[in-house]
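Q: what would the 3D arrangement of this be:
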Amino acid sequence: MKFFLLHVCTLLSVSLVGSHAVTPEVYWKSVLPNSPMPKSIKDLLYTEWSDEKSTAVGVGKGGVSVHTGKPGKRTDVGVGKGGVGVHTEKPGKGTDVGVGKGGVGVHTGKPGKRTDVGVGKGGVEVHTGHKGKPVYVGVHKGPDPFVYLYAASEDQLKDNPNVAMFFLENDLHQGKEMNLHFTKNDQKETFLPRKIADSIPFSSNKLPEIYDEFSVKPDSMEAEIMKQTLNECESTGIEGEEKYCATSLESMVDFSTTKLGKNVKAISTEVSAKKSTPLQKYKIEVAKKLAAKKAVVCHKQNYAYAVFYCHKTISTQAYAVSMVGADGTKVNAVAVCHTDTAKWNPKHLAFQVLKLKPGTVPICHFLPEDHVVWVPY
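A: From the prediction side, this is the model:
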């Protein structure tokens, strides 16, 4: 859903003109002065809030034109009836993005060493500079595995069963080896400031208006993914779970501190590699149980901008786990163990992978890099 970023950047850039609102980062520091912001959250902040960069915005009948940064290190965005055109950095070393009725085209780097990305109704197609077949990246529809109300989809059951997405709490000990696959999400939708996020409808009853806001075709894959996220956010959740979909960083901070108090810290998984690592064995070096037995866990959702599905339960135990991969990749991971699964869907993916029944033993999973767990201290 990369093309959403263009619309969001334009929206944010326009909002900067004449605005002196408190930024999400400043709000974090005011509420949580003793809690560092995890890298996974920093990566989702809109970079143009920085005072070191300038933003010029022109709005006319033909569309919107946005120019950011210094010449040679700038980003030019033009939005008109024909679509969106973006150019960043120097010629030959930059990124060109064209958005029209047919989809999205992205070209980066020099010819022969470039990456071409096409986004259309069929999904996402990626061509790298290497000779041979292109790499195809598919966006799979289906229930979020971290929403425990739903049964596993057929696609989820067909995925590699050797990947330890879910495991048992007694597996968290020094020397334990697991097959894991830590992937990088290169298409990171940014946070909107709360004032802007609150002005945009976020309801399945307003889907036509939302699609129009982000220029999404109702019959597209992107529309289906957004609809699924809204449906999961509006579901009742399992018994005993307090859930909330945060559409801004400020609202996520407020929900977490309301449920746990202001003496909280946010932690997330961090992988030393800058790119996605292969499926490989990882050996646990240290597994440290965090003192609190309650937590708020926030899972990044697929949407036009950063949205987190947050849920609080008292039957949760979090661990800080250090491990190293077969290729030397070091990971400081966050593992979450659910000690009471009695109310989960009996056909949830975890039960089918582990061959267990609800309410028998604690079930754990590692958090992806762009998810966050909040714990009291």
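Q: residues contacting Val307?
A: Contacts for Val307 were tallied using C-beta atoms under 8 Å, 6 or more residues apart in numbering; they are 189, 202, 229, 233, 245-247, 300-301. (Glycine included, C-beta is placed from N, CA and C.)
Q: kindly recompute the last result at 6 Å.
A: 245, 247, 301 (C-beta atoms under 6 Å, 6 or more residues apart in numbering).
Q: ditto for Asp198
A: Counting by C-beta under 6 Å, 6+ apart, there are no residues that Asp198 touches.
Q: gap between it and Glu232?
A: Asp198 sits 20 Å away from Glu232, going by C-beta to C-beta, to the nearest Å.
Q: and the strands in the stretch 151-300 of the chain?
A: Secondary structure of the stretch 151-300 of the chain (DSSP state E, counting those that start in this stretch): strands at 166-168, 177-180, 242-246, 264-267, 270-271, 280-289, 295-300.
Q: quick one: closest of these to Ser30.
A: strand 264-267 (14.5 Å; C-beta to C-beta).
Q: which elements pack onto the closest one?
A: When contacts are defined as 3 or more C-beta pairs under 6 Å, 6 or more residues apart in numbering; DSSP states H and E, strand 264-267 packs onto strand 372-376.
Q: where does the prediction get shaky in this structure?
A: Within the chain, the set of residues satisfying pLDDT under 70 comprises 1-21, 47-164, 186-187.
Q: need the helices for it, in chain order.
A: Remark: helices assigned in the chain by DSSP state H are 4-16, 24-31, 39-42, 154-158, 194-199, 207-213, 221-234, 249-260, 349-354.
Q: and these, which is most packed in?
A: helix 249-260 (a mean of 21; mean count of other C-beta atoms under 10 Å).
Q: which other residues reach that one?
A: 24, 27, 31, 191, 194, 244, 246, 296, 298, 308, 310, 312, 374, 376.
Q: tell me what angle it forms with strand 242-246.
A: Angle of helix 249-260 versus strand 242-246, following axes from the mean of the first three to the mean of the last three C-alpha atoms, to 10 degrees, is 160 degrees.
Q: angle of helix 249-260 against strand 372-376?
A: Using the same axes, to 10 degrees: helix 249-260 against strand 372-376 is 40 degrees.
Q: now do helix 249-260 and strand 295-300, the angle between them.
A: 160 degrees.
Q: next, the angle from helix 249-260 to helix 24-31.
A: Using the same axes, to 10 degrees: helix 249-260 against helix 24-31 is 30 degrees.
Q: so what's Asn185 up against?
A: Contacts of Asn185 (C-beta under 6 Å, 6+ apart): Asp370.
Q: ok, back up a step: tabulate the helices of the chain in CSV, adding columns for distance to Gln280.
A: Output for those, formatted as CSV (distance: least, C-beta to C-beta, whole Å):
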stretch, distance to Gln280
helix 4-16, 31
helix 24-31, 35
helix 39-42, 22
helix 154-158, 21
helix 194-199, 38
helix 207-213, 40
helix 221-234, 29
helix 249-260, 32
helix 349-354, 19
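Q: which one of those helices lies nearest to His173?
A: Comparing the helices of the chain by C-beta to C-beta, helix 349-354 comes nearest, at 17.4 Å.
Q: as PDB, could you dump the C-alpha coordinates of that closest one?
A: Only the C-alpha atoms of helix 349-354 are listed here, as PDB (Å, rounded to 0.1, in the frame of the first residue of the first chain):
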ATOM      1  CA  LEU A 349      -3.800 -20.700  14.400                       C
ATOM      2  CA  ALA A 350      -1.800 -21.200  17.600                       C
ATOM      3  CA  PHE A 351      -3.900 -24.300  18.600                       C
ATOM      4  CA  GLN A 352      -3.600 -25.800  15.200                       C
ATOM      5  CA  VAL A 353       0.100 -25.300  14.900                       C
ATOM      6  CA  LEU A 354       0.900 -26.500  18.500                       C
END
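Q: contacts for stretch 39-46, please.
A: With C-beta under 6 Å, 6+ apart as the criterion, stretch 39-46 contacts 12, 25, 188, 190-191, 268, 306, 369-370.
Q: can you do 8 Å?
A: Under C-beta under 8 Å, 6+ apart, the answer for stretch 39-46 is 8-9, 12, 24-25, 28, 188-192, 249, 266, 268-270, 306, 369-372.
Q: what about it, start to end distance?
A: This stretch, stretch 39-46, spans 13 Å end to end (C-alpha to C-alpha, to the nearest Å).
Q: hang on, Lys227 packs against Lys206?
A: No: contact criterion C-beta atoms under 8 Å: Lys227 and Lys206 do not qualify, at 11.3 Å.
Q: that older thread, in ChimeraX, select just the buried ones from the contacts of helix 249-260.
A: Command for ChimeraX, covering only those of these found buried under the criterion 16 or more other C-beta atoms under 10 Å:
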select :24,27,191,194,244,246,296,298,308,310,312,374,376
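Q: same list, the contacts of helix 249-260, but as CSV with distance to Ser256 please.
A: CSV is the format used below for these (distance: C-beta to C-beta, whole Å):
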residue, distance to Ser256
Pro24, 14
Tyr27, 13
Val31, 10
Phe191, 15
Arg194, 14
Tyr244, 9
Ala246, 9
Val296, 5
Cys298, 7
Phe308, 10
Cys310, 7
Lys312, 8
Trp374, 4
Pro376, 10
